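Undergrad: Pasting a predicted model and its sequence here:
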Amino acid sequence: MTETDESRYALRPERIATLADGIFAIVMTLLVLDLKAPEGGTSEHIISELIRQGPKFFSYLLTFGISSVFWFGHHMEFHYIVRSDRMHLWTNLFFLMAVSFLPFSASLLGGNLGVPVASAFYGVHLSLLGFIRYAHWRYITDGKRLVDKEMHQDLIDEVSGTFLWVPCMYLVAAAIAFLNVPASLIIYCGLGLRYLISAKQDRHLTVVKKQDHPAP
């Protein structure tokens, strides 16, 4: 059976991507519900209440940013996927189940910002998300099972390395939380900001787009 025949009779990945987009949108919206707008009182009272919720604002911004990173990674992976199968479906469902738990972890962190267990719990959750994403990437690219057969192996290997060391760093940050909570929070922020830097797969996407849509 040729690759064209495999793609024709395989499960299509589009509905998984649609479900993921919907869940990410809901999760990222729910994050803001942990913030409560001050009611009544003077300007001083409102400012005081906003300052009091500072840890929750921090947790919201951090988790929204990290959620965006995971959504971007998921979106990037689906750029390469040309077909799906049962194991692929279940892997994505487990990933989305972990994603839907983010508002709880964010609320726990925001309400207990200086508590080591809260920061460690947050890091372990993020590492779980990362390891599921790594397993997903390895599954779809092993033998180029669900991706384009022309996909370069060096790109597969580079993304695999990134998808592995990031959750490992989340685990390191979770462990550091028991020694120094601010240090663990800095690592969480740093790992999120790292994705603002263009990666090799980003440049590859541009090349693929130009090849798929040649100039007239």
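TA: On my side now, so go ahead.
Undergrad: Phi and psi next, for the residue lying farthest from the centre of the chain.
TA: The centre of the chain is farthest from one residue, T42, which by CA atoms, centre = their mean lies 40.0 Å away. Backbone geometry at T42, expressed as degrees, to the nearest 10, gives phi -90, psi 170.
Undergrad: could we number from 44 for the rest of this?
TA: Will do, 44 is the new start, and the previous item becomes T85.
Undergrad: Model confidence at it, what's the number?
TA: Listed pLDDT for T85 reads 85.
Undergrad: What of L239?
TA: For L239, the pLDDT comes out at 69.
Undergrad: What strand or helix carries M194?
TA: Counting by DSSP states H and E, no helix or strand carries M194.
Undergrad: how about it, what does it touch?
TA: M194 makes contact with Y123, T184, K187, according to CB atoms under 8 Å, 6 or more residues apart in numbering. C-beta coordinates here come from the backbone N, C-alpha and C atoms, glycine included.
Undergrad: 7 Å instead, please
TA: Going by CB atoms under 7 Å, 6 or more residues apart in numbering, M194 touches Y123, K187.
Undergrad: if I look at it, how far off is L93?
TA: Separation of M194 from L93 (CB to CB, to the nearest Å): 49 Å.
Undergrad: which residues of the protein score low on pLDDT?
TA: 44-53, 239-259 (pLDDT under 70).
Undergrad: Tell me where it has helices.
TA: Remark: helices assigned in the chain by DSSP state H are 46-52, 57-73, 86-95, 97-123, 129-142, 145-154, 159-184, 196-219, 224-236, 243-255.
Undergrad: and the longest one, what does it pack onto?
TA: Counting by 3 or more CB pairs under 7 Å, 6 or more residues apart in numbering; DSSP states H and E, the packing neighbours recorded for helix 97-123 are helix 57-73, helix 145-154, helix 159-184, helix 224-236.
Undergrad: Can you give me the buried ones in that helix?
TA: For helix 97-123, a neighbour-count test (16 or more other CB atoms under 10 Å) marks 99, 101-103, 105-110, 112-114, 116-117, 119-121, 123 as buried.
Undergrad: Excluding chain neighbours, give the residue nearest to the most centrally placed residue in the chain in space.
TA: With distances taken as CA atoms, centre = their mean, the residue of the chain nearest its centroid is F113 (1.5 Å). Sequence neighbours aside, L172 is the residue nearest to F113 in space, at 6.1 Å (criterion: CB to CB, 6 or more residues apart in numbering).
Undergrad: Next, count neighbours for that neighbour.
TA: L172 has 24 neighbouring residues, counting by other CB atoms under 10 Å.
Undergrad: and the gap between it and G108?
TA: Note on L172: its distance to G108, by CB to CB, is 14 Å.
Undergrad: quick revisit: generate TSV for the helices and strands packed on helix 97-123, with distance to I89 as supplementary columns.
TA: Listed next are these as TSV, based on distance: least, CB to CB, whole Å:
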stretch	distance to I89
helix 57-73	24
helix 145-154	19
helix 159-184	27
helix 224-236	26
